[in-house]
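Trainee: Using only what follows, build the 3D model:
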Amino acid sequence: MQTKKQLEKLAAGGDINAQFELGHRLAFGRRAGTDQPWKLIFNYWKQSAEKGHLRAMFYLGTCYDHGYGTRKNLPLAFKWFMKAANAGHRDAQYNIGFFYREGEVVRKSYKKMVYWYYLAATVGLIDAQRDLGYAYFYGNGIKKDAKQAVYWYKKAASSNDDKALYNLGLCYKFGDGVRQSHRWAKYYFLRAVQRGHAEAKNQLKNLHLSN
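Mentor: The predicted model follows:
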């Protein structure tokens, strides 16, 4: 691993990987509770992103999205997320889907939301898998299909996503996309509780009362 001084020398010479790495170390390498120098981090990522560094594009979008080291600017956040998304960055793809879901910067479009969620979901992004399941379940931007909803919920649940586990519990409780089964509903609600899902506790109580 290169030292900070080595990276700084490379970054000063225009090395985009060094610029990104310096920003990343400053942002995530410090102890919790320590104030990060966000203006410096932002400048490193901006230099790197403008020269085509994929992860820097995503993190620059995040800076604009949340106002880290710069003024919050959603149009610029969208611009950089889109650049990263088009280059295959799955978290950026998910974020673009979120922009279309909420109608921020762009006109709300569930169809475009599904497109971007699908790209991120198929390469394993848990949040995208779960939210794609939502889209199938409610028919947002795609034909309603409870079986496909269950399929994507299970993808996310395999990584212990509490919301996906909870949704699977509901599917088994009511027989949406699967054969109704209180045993499997209990199984998924219990796993959701173990992952910290508050409402799953109430569902478990209701199952016990109905039995």
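Trainee: ok, residues contacting the helix or strand hosting Tyr94?
Mentor: Assigned by DSSP states H and E, Tyr94 falls within helix 90-102. Contact with helix 90-102 is made by 57-58, 61, 65, 78, 81-85, 105-106, 108-110, 112-117, 119-120, 123-125, 127-128, 131, as judged by Cβ atoms under 8 Å, 6 or more residues apart in numbering. Placement of C-beta: from N, CA and C, glycine included.
Trainee: what do you get for stretch 196-211?
Mentor: 162-163, 165-166, 169-170, 173, 182, 185-186, 189-190, 192-193.
Trainee: In PyMOL, how would I select just the buried ones from those residues?
Mentor: To isolate the buried members of the contacts of stretch 196-211 in PyMOL, using 16 or more other Cβ atoms under 10 Å:
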select buried, resi 162+163+165+166+169+170+173+185+186+189+190+192+193
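Trainee: Tell me where the model's unsure across the chain.
Mentor: 30-34, 209-211 (pLDDT under 70).
Trainee: residue ranges for the helices of the protein, please.
Mentor: Listed in chain order, the helices of the chain (DSSP state H) span 4-12, 16-28, 38-50, 54-66, 74-86, 90-102, 110-121, 126-138, 146-157, 162-174, 182-194, 198-210.
Trainee: so who does Trp38 touch?
Mentor: Contacts for Trp38 (Cβ under 8 Å, 6+ apart) come out as Ala27, Cys63, Tyr68, Gly69.
Trainee: And it, how far from Ile126?
Mentor: According to Cβ to Cβ, to the nearest Å, Trp38 stands 27 Å off from Ile126.
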